[in-house]
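Undergrad: can't give you the sequence, but here's the structure:
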């Protein structure tokens, strides 16, 4: 298994640069005037592309804020994890690495996304949809690693549960003012999935 995905072609690199320019322009405008007041035309002008280009790259408007072209990289990294590693630990590693990198390289965009997750129902709804899409993509690699069929019920349930839990942890982080560090919070979320939820003893202090 390859540890890294193939190098993108020149055409693919140009597409990635265009998508990045659109996202950067959209985030700047949204931070200045709010997402609902930001139009496709304004984003296009700021990114120096046509409105049709924005729509072609991002058919769903909220995807400009939410998609970061990381799904294929996540898939490649998941396939490159050690063969004997537990699936939950493999997903933990690739997702936490991706979030750590995003926080290091584009912290303002991550914080803006968190703000709009709380403020705008359409952004939160689309976040749920895109997380589910990522889960369906990664379930193929989980199936490969566990020797199961891609449409195996247990594979689908497991992958959806992990990605859904990480999504809920991200929303929790956004709703609570981003006071905690996101990566340890996601790590704790995976620990909860692994250990399950136990009954709290009467009088026991909340951790």
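TA: Perfect, thanks for sending it. Keep in mind that what you see is a predicted model, and the values were worked out from it rather than measured. Residues are numbered from 1 along each chain as shown.
Undergrad: after the one helix or strand residue 11 maps to comes which helix or strand?
TA: Assigned by DSSP states H and E, residue 11 belongs to helix 10-33. Using DSSP H and E, the helix or strand that directly follows helix 10-33 along the chain is helix 40-47.
Undergrad: which strands or helices does that next one pack on?
TA: When contacts are defined as 3 or more CB pairs under 8 Å, 6 or more residues apart in numbering; DSSP states H and E, helix 40-47 packs onto helix 10-33, helix 51-57. All C-beta atoms are positioned from the backbone trio N, CA, C, and that covers glycine.
Undergrad: and those, which one's lowest on average pLDDT?
TA: Comparing mean pLDDT across the helices and strands packed on helix 40-47, the weakest is helix 10-33, with a mean of 90.
Undergrad: give the buried residues for the helix holding residue 11.
TA: By neighbour count with 16 or more other CB atoms under 10 Å, helix 10-33 contains the buried residues 18-19, 21-31.
Undergrad: cool, and stretch 114-121?
TA: Taking 16+ other CB under 10 Å as the basis for neighbour counts, the residues of stretch 114-121 that come out buried are 114-117, 120.
Undergrad: and the residues you listed, which is closest to residue 129?
TA: Comparing those against residue 129 with CB to CB picks out residue 117 as the nearest, at 13.1 Å.
Undergrad: what about the helix or strand the closest one falls within, average pLDDT?
TA: Applying DSSP H and E as the criterion places residue 117 in helix 107-119. Per-residue confidence for helix 107-119 averages out to 89 on the pLDDT scale.
Undergrad: quick revisit: for the helix holding residue 11, which outside residues touch it?
TA: Helix 10-33 is contacted by residues 8, 38, 42-44, 46-49, 53-54, 57-58, 64-65, 68-69, 108-109, 112, 116 when judged by CB atoms under 8 Å, 6 or more residues apart in numbering.
Undergrad: let me know the angle separating it from helix 40-47.
TA: Here helix 10-33 runs at an angle of 110 degrees relative to helix 40-47 (axes from the mean of the first three to the mean of the last three CA atoms, to 10 degrees).
Undergrad: going forward, the N-terminal residue is numbered 30.
TA: Noted, 30 is the first residue going forward, which turns the last one into helix 39-62.
Undergrad: name the helices or strands packed onto the helix or strand following the helix holding residue 146?
TA: Stepping forward along the backbone from helix 136-148, the first helix or strand reached (DSSP H and E) is helix 150-175. Applying 3+ CB pairs under 8 Å, 6+ apart, one finds that helix 150-175 contacts helix 92-95, helix 100-108, helix 116-134, helix 136-148, helix 182-204.
Undergrad: and the angle from helix 150-175 to helix 136-148?
TA: Counting by the same axes, to 10 degrees, helix 150-175 points 110 degrees away from the direction of helix 136-148.
Undergrad: report the buried residues of helix 150-175.
TA: Of all the residues in helix 150-175, those buried under the rule 16+ other CB under 10 Å are 152-153, 155-156, 159-160, 163-164, 166-172, 174.
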